[in-house]
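Asker: Turn this into a model:
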Amino acid sequence: MTVDDGSSVTQDITDASDSWYTSFGNPTFCGLRTFTVEDTSGNAISWMSVALVSGTTYRITAAPTSTDTELQASYSLVLKVVSDDYSSDVSSITVAFTATVATPACNCALQAWDNGTGVTSSAPVGSTTTVTLALPSVSSGAYTSSPAMRACSANSCATTGSFTSVVMTDDSSLPTWITTASSST
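Answerer: Below you'll find the predicted structure:
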């Protein structure tokens, strides 16, 4: 199982049938089972879960999100199956597998921006005044905001922005007597 850091992936599995299930046609004849994902030392993996989908189908979900790159590695794990009703009488069953948390691809669309600064200008009636607006800039925390942004280097994404629109402070359109000439200055 491979999953990008900051995303999720699922894998459906079928509960192994046993002789009681085969003989009586009832997967819960001997009680329900609990499925957990653990490391080889028996510690639960917080970013993985197992849930019943229906019948004997279970879904493993892996959804790691690093605060840095600490989860980006391969893990030797076990799927542990325990009988809820007979846990003291029956030992658990484990199935070994490997999960890999991969470095995600750089996604510049996630880059956070600081808004450009507003301006106030006045001009006498009948005259023209040109105002230059400061362009939006990359937020100081842009490259630490998510695993997909941490995968970007400071030179991978645009560092200066442009305007998609210029509006009044109340988000209404500019009056017709105010015009804009460029989105990049």
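Asker: and A142, how many residues sit next to it?
Answerer: A142: 20 surrounding residues under other C-beta atoms under 10 Å. The way it works is simple: take the backbone N, C-alpha and C, and place the C-beta from them, glycine included.
Asker: you'd agree it is up against D114?
Answerer: No - look at A142 against D114 with C-beta atoms under 8 Å: they stay out of range, at 9.1 Å.
Asker: how about stretch 74-94: buried residues?
Answerer: Neighbour counts using 16 or more other C-beta atoms under 10 Å place 75, 77-83, 94 of stretch 74-94 among the buried residues.
Asker: what does it contact?
Answerer: 13, 15-16, 30-40, 45, 48, 50, 60, 95-101 (C-beta atoms under 8 Å, 6 or more residues apart in numbering).
Asker: Going through the residues you listed, which ones are buried?
Answerer: Among these, those buried by neighbour count (16+ other C-beta under 10 Å) are 13, 15, 30, 33, 35-38, 45, 48, 50, 60, 99, 101.
Asker: Check which element follows the worst-scoring helix or strand of the chain on mean pLDDT along the chain.
Answerer: Across the helices and strands of the chain, mean confidence by mean pLDDT, DSSP states H and E is lowest for helix 19-24: a mean of 63. For helix 19-24, the following helix or strand on the C-terminal side (DSSP states H and E) is strand 33-39.
Asker: Domain parsing of the protein, as residue ranges.
Answerer: Using automatic domain parsing, the domain ranges for the chain come out as 2-102, 105-185.
Asker: rank the ones you listed by mean pLDDT and give me the bottom one.
Answerer: With a mean of 77, domain 105-185 has the lowest mean pLDDT of those.
Asker: how distant is it from the center of its chain?
Answerer: 26 Å (C-alpha atoms, centre = their mean, to the nearest Å).
Asker: Show me where the chain has its strands.
Answerer: Remark: strands assigned in the chain by DSSP state E are 2-4, 9-14, 33-39, 48-54, 57-62, 74-83, 93-102, 113-114, 137-138.
Asker: Let me know which of these is the nearest to A148.
Answerer: Taking C-beta to C-beta, strand 2-4 is the member of the strands of the chain nearest to A148, at 7.8 Å.
Asker: So which other helices or strands are in contact with that closest one?
Answerer: Secondary-structure packing of strand 2-4 (3 or more C-beta pairs under 8 Å, 6 or more residues apart in numbering; DSSP states H and E): strand 93-102.
Asker: tell me the angle the strand it packs on makes with strand 74-83.
Answerer: Computed by axes from the mean of the first three to the mean of the last three C-alpha atoms, to 10 degrees, the angle separating strand 93-102 from strand 74-83 equals 150 degrees.
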